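[1] here is my input, please return the structure:
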Amino acid sequence: MGRVAAGEIATELRSRLARQAAVRMVFASAPSQSDVIDALAAEPGIDWRRVTAFHMDEYIGLAPDAPERFGSWLSRYIFGRLPFAAVHPILPGADPEATARDYAALLAEAPIDIVQLGIGVNGHIAFNDPPVADFNDPLDVKVVELDEVCRQQQVDDDCFATLADVPLRAITLTVPRLLRADRLFCMVPGRVKRNAVRAALEGPLSTACPASILRTHPDCTLYLDAESDPHA
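    Prediction:
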């Protein structure tokens, strides 16, 4: 699944770079995305020097060099491996609200071409968990409280040793900000995601499953494996 998705993202990147000067892309970071990110980094014929990279969410309260930070994860898997035009990490710092405003302004400087994302166990996209997701959010980037299902997923994914270690807050791109990108590629492997996928595909359009809103995007591709596909 990761190789197929990476190949199609790479095709999209090459196509856009053939007809425009630069590409702006948002990357997700999670163990579920490691296969696609690793495969994408190895794809030939992409002029990464014309790609500006963003990422979609980051924990608040971790040390700047903490390996659990999403920025650290992306640096290991792709940002540190390729010659991007620019990489814009989310650095919460001492004033996360100001960081969110500044990051929103950075994103707004030009259109976002591509977003690579996943779906959480509770149906979240980025860190828009059901309690905080807003399909009409007036903000592009915001500070959120993480719900316990989302935090437990980080433990189950071996990103943290215990639930107490998982931060309570994060900065995230909002649902409307993600949906304004031209092209979405959504990778969702694993049996633990099956119920979320079913709700996203077949349930009501509701913040009870934030990923359900992806059905309204005109150009979003969903990639599943045999374990996450509710009809397999």
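[2] tell me the mean pLDDT for the helix or strand containing V115?
    According to DSSP states H and E, V115 maps onto strand 114-117. The predicted model gives strand 114-117 an average pLDDT of 98.
[3] buried residues in that strand?
    When burial is assessed from 16 or more other C-beta atoms under 10 Å, strand 114-117 yields the following buried residues: I114, V115, Q116, L117. Any C-beta I mention is one placed from the backbone N, CA and C, and that applies to glycine too.
[4] any idea what the second one is bridged to?
    The residues paired with V115 through beta bridges, assigned by DSSP bridges, are V26, L184.
[5] how close does it get to G61?
    For V115, the distance to G61 under the criterion C-beta to C-beta, to the nearest Å works out to 25 Å.
[6] longest single helix anywhere in this protein?
    The helix spanning the most residues in the chain, taking DSSP state H as the definition, is helix 2-19.
[7] that one: how far from the chain's middle?
    Its chain's C-alpha centre lies 17 Å from the corresponding centre of helix 2-19 when counted by C-alpha atoms, centre = their mean, to the nearest Å.
[8] so after the strand holding V115, what's the next helix or strand?
    For strand 114-117, the following helix or strand on the C-terminal side (DSSP H and E) is strand 141-145.
[9] can you list contacts of that following strand?
    Applying C-beta atoms under 8 Å, 6 or more residues apart in numbering, the set of residues contacting strand 141-145 from outside is 60, 96-97, 100-101, 103-104, 107, 127-129, 131-132, 168-174, 177.
[10] now it: buried residues?
    By neighbour count, and taking 16+ other C-beta under 10 Å as the criterion, the buried residues in strand 141-145 are V141, K142, V143, V144.
[11] which of those residues sit farthest apart?
    Of all pairs drawn from those, the one with the longest distance (C-beta to C-beta) is V141 and V144, at 10.1 Å.
[12] quick revisit: which parts of the longest helix of the chain are buried?
    Of the residues in helix 2-19, those buried by neighbour count under the rule 16+ other C-beta under 10 Å are G2, A5, A6, E8, I9, A10, E12, L13, R16, L17.
[13] now those residues in TSV, with pLDDT and distance to A181?
    As requested, the buried residues of helix 2-19 are exported to TSV (pLDDT from 0 to 100; distance: C-beta to C-beta, whole Å):
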residue	pLDDT	distance to A181
G2	93	20
A5	97	16
A6	97	18
E8	98	15
I9	98	13
A10	98	17
E12	98	11
L13	98	13
R16	98	12
L17	98	16
